[in-house]
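> Sequence unavailable; structure follows:
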Ligand code: CUA
């Protein structure tokens, strides 16, 4: 009879430890970062801020009257609808240094509102109201795009924010 080969004693090797410790430390670090940014700094994803019947958007306030409103010094609100293949309003003018809140929804299919130069990136879902706030500090044109495929002319669905030099 052969003797079974001798097994090495169970040991956590240093190189195993070098993987195990970071794989515990990294999720803990990420969770801590998430907690600090969400609850400490108040940073959140642009989330849905209510619901609206997708077939009644054009008859439901505030979407029955889309457009730009000044709500305070340097503060604006844009009520926006998206529909194949336009944004309403498609052109927005604000002075430099403005803080603008977009309140937007879709009248038909899934669209998106993407303003790369202003770090706005939100889906516009039929039935849901999206709300996102950003600041326009530098004068110039800020193109806004639909970034969800919404049909044959999706690529033509865009508009712009024109930021004028502060008076
Ligand atoms: Cu709207 Cu793509």
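Received it, and whenever you're ready, just let me know what you need. Computed from a predicted model, the values in this text were never measured in an experiment.
> anything in the helix or strand containing residue 130 near the ligand?
Using DSSP states H and E, the element containing residue 130 is strand 128-136. No - Strand 128-136 does not reach the ligand (C-beta under 6 Å from any ligand atom); its nearest approach is 13.4 Å. Just so you know, the C-beta spots here come from the backbone N, C-alpha and C atoms, and that holds for glycine as well.
> mind listing what's buried in that strand?
Buried residues in strand 128-136, counted by 16 or more other C-beta atoms under 10 Å: 128, 129, 130, 131, 132, 134, 136.
> Could you do stretch 98-111 as well?
98-109, 111.
> Reformat these as CSV; add distance to residue 70, secondary structure and pLDDT.
Below are the buried residues of stretch 98-111 laid out as CSV (distance: C-beta to C-beta, whole Å; DSSP: H, G, I helix; E, B strand; the rest coil; pLDDT from 0 to 100):
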residue, distance to residue 70, secondary structure, pLDDT
98, 9, strand, 95
99, 11, strand, 96
100, 10, strand, 96
101, 12, strand, 95
102, 15, strand, 95
103, 15, strand, 95
104, 18, strand, 94
105, 22, strand, 94
106, 25, strand, 94
107, 25, coil, 94
108, 29, coil, 93
109, 31, coil, 94
111, 26, strand, 96
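> Around the ligand, which positions in this structure sit nearby?
Residues of the chain lying near the ligand (C-beta under 6 Å from any ligand atom): 85, 111, 146, 148, 149, 150, 154, 157.
> Show me where the chain has its strands.
Along the chain, counting by DSSP state E, strands occupy 48-51, 67-72, 75-83, 86-88, 91-95, 98-106, 111-115, 120-124, 128-136, 140-145, 158-164.
> State the mean pLDDT of the last one.
Just to be clear, that refers to strand 158-164. The average pLDDT for strand 158-164 rounds to 96.
> strands paired with the lowest-mean-pLDDT helix or strand in the chain, and their directions?
Every helix and strand of the chain was ranked by mean pLDDT, DSSP states H and E. The lowest is strand 48-51, at a mean of 76. Strand pairing for strand 48-51, using DSSP bridges, gives strand 128-136 (antiparallel).
> got a list of contacts for the strand it pairs with?
Applying C-beta atoms under 8 Å, 6 or more residues apart in numbering, the contact partners of strand 128-136 are 46-52, 94, 96-105, 113, 115, 118-120, 122-124, 142, 161, 163.
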